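# okay, predicted coordinates and the sequence, questions at the end:
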Amino acid sequence: MIFLILLSLAIAPGVAIAIYIHWKDTHDREPVHLLVKCFFLGALMVLPAIVIEISLAKIFPMHETSRGMMLPELWRALIGVALVEEICKFAVLRWYAYPKPQFNEPYDGITYSVMIAMGFATLENIMYVQMGGFTVGILRMFLAVPAHATFGILMGYFLGLAKFRHQGRALVLLGLFVATGFHGAYDWFLFQKVYPLLALGAVASLVVGVLLSRRDMHLHEAASPFHPDRVKGA
């Protein structure tokens, strides 16, 4: 019984956010079967991410030396975790969802990216909650899972722009860079041991990510070629 409660607690946040993003796509909703595939492909990306992260940790071990830990923690957060995880999610978005003919408006970048991110975050969440219990589940419900959603929105915003602009390659890379930067900042604040209060910076970075995500969603909704105002004027 406890196992089922923890499992539900781990799964619910990612599924709820995925449903919300799909619901917000009011002008031309994506096929559910593609969204489900993206969700599960995102979950599968947890496995290569774990292998790469463990390998990097062995190649570049961190030795705790009080104040000197801040720079190694930055490397670990930005490269050893954030870049690895965002590249894994990016791979599904760029080479599976991006070429689909159903990806036919900028907002679709956000939709598919968040589905992938929520699949990734959900499997990751199941592992953490089964190890850490109810308290970890509650904390991750309000912090880690929404953070992954914001990383997904930020990446998807730029890939949504990229598909319909000439300078697409630069925007694709910018999406990966921005998502990695926010992810790295969030993790770096959480990794702090020398200055524990800096962990509050993770909340601040999440708030900034949420505000930017809301703006990006609004911009792509307004720019949709399927927006009623544009359809009427056509």
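That came in fine, so what should we check first? Numbering: from 1, shown residues only.

# shaky segments in this structure?
62-70, 193-196, 229-234 (pLDDT under 70).

# same thing but 80
In the predicted model, the chain carries pLDDT under 80 at residues 1, 60-72, 166-168, 192-199, 227-234.

# which helices and strands sit right next to the longest helix seen in the chain?
Longest among the helix segments of the chain by residue count, using DSSP state H, is helix 107-132. For helix 107-132, the packing partners by 3 or more CB pairs under 8 Å, 6 or more residues apart in numbering; DSSP states H and E come out as helix 2-24, helix 32-44, helix 46-59, helix 84-92, helix 134-142, helix 144-162, helix 200-223. For glycine as for every other residue, the C-beta is placed from the backbone atoms N, C-alpha and C.

# most tightly surrounded among these?
Counting by mean count of other CB atoms under 10 Å, helix 144-162 has the highest mean neighbour count of those, with a mean of 26.

# and it, what other elements does it pack with?
In terms of contacts (3+ CB pairs under 8 Å, 6+ apart), helix 144-162 is packed against helix 2-24, helix 84-92, helix 107-132, helix 168-191, helix 200-223.

# let me see the contact set for His183.
Val81, Ala82, Glu85, Glu86, Ala147, Phe151 (CB atoms under 8 Å, 6 or more residues apart in numbering).

# so how many other residues sit close to the residue nearest to Gly201 when sequence neighbours are not counted?
Once flanking residues are discounted, Gly201 sits nearest to Phe189: 3.6 Å by CB to CB, 6 or more residues apart in numbering. Neighbour count of Phe189, defined by other CB atoms under 10 Å: 21.

# show me the contacts for Phe189.
Contacts for Phe189 (CB under 8 Å, 6+ apart) come out as Leu198, Ala199, Leu200, Gly201, Ala202, Ala204, Ser205.

# against Gly152, how distant is it?
Per CB to CB, to the nearest Å, Phe189 is found 19 Å from Gly152.

# what residues are up against Asp25?
Tyr107, Asp108, Thr111.

# please redo it, this time with the cut-off set to 7 Å
By CB atoms under 7 Å, 6 or more residues apart in numbering, Asp25 lies in contact with Tyr107, Thr111.

# dihedrals phi and psi, it?
phi -80, psi 80 (degrees, to the nearest 10).

# gap between it and Glu105?
As judged by CB to CB, Asp25 and Glu105 stand 9 Å apart.

# so the nearest residue to Gly133 once chain neighbours are set aside versus Ala18, what's the distance?
The shortest distance from Gly133 to any non-neighbouring residue, by CB to CB, 6+ apart, is to Leu6 (7.0 Å). Distance, Leu6 to Ala18, by CB to CB: 20 Å.

# try Asp187
Counting by CB to CB, the gap from Asp187 to Ala18 is 22 Å.

# cool, Ile87 as well?
From Ile87 to Ala18 the distance is 21 Å (CB to CB).

# Phe134 too?
23 Å.

# same thing with Phe103?
To Ala18, Phe103 is 17 Å away according to CB to CB.

# kindly report the same for Thr111.
As judged by CB to CB, Thr111 and Ala18 stand 9 Å apart.

# repeat that for Ile110.
Distance, Ile110 to Ala18, by CB to CB: 12 Å.

# Glu73 contacts Phe191, correct?
Yes - under the contact definition of CB atoms under 7 Å, Glu73 touches Phe191, with a separation of 4.5 Å.

# closest to Ala49 out of the helices and strands packed on helix 144-162?
Nearest to Ala49, of all the helices and strands packed on helix 144-162, is helix 84-92, at 4.6 Å by CB to CB.

# please name every helix or strand in contact with the closest one.
Helix 84-92 sits against helix 32-44, helix 46-59, helix 107-132, helix 144-162, helix 168-191, with contacts defined as 3 or more CB pairs under 7 Å, 6 or more residues apart in numbering; DSSP states H and E.
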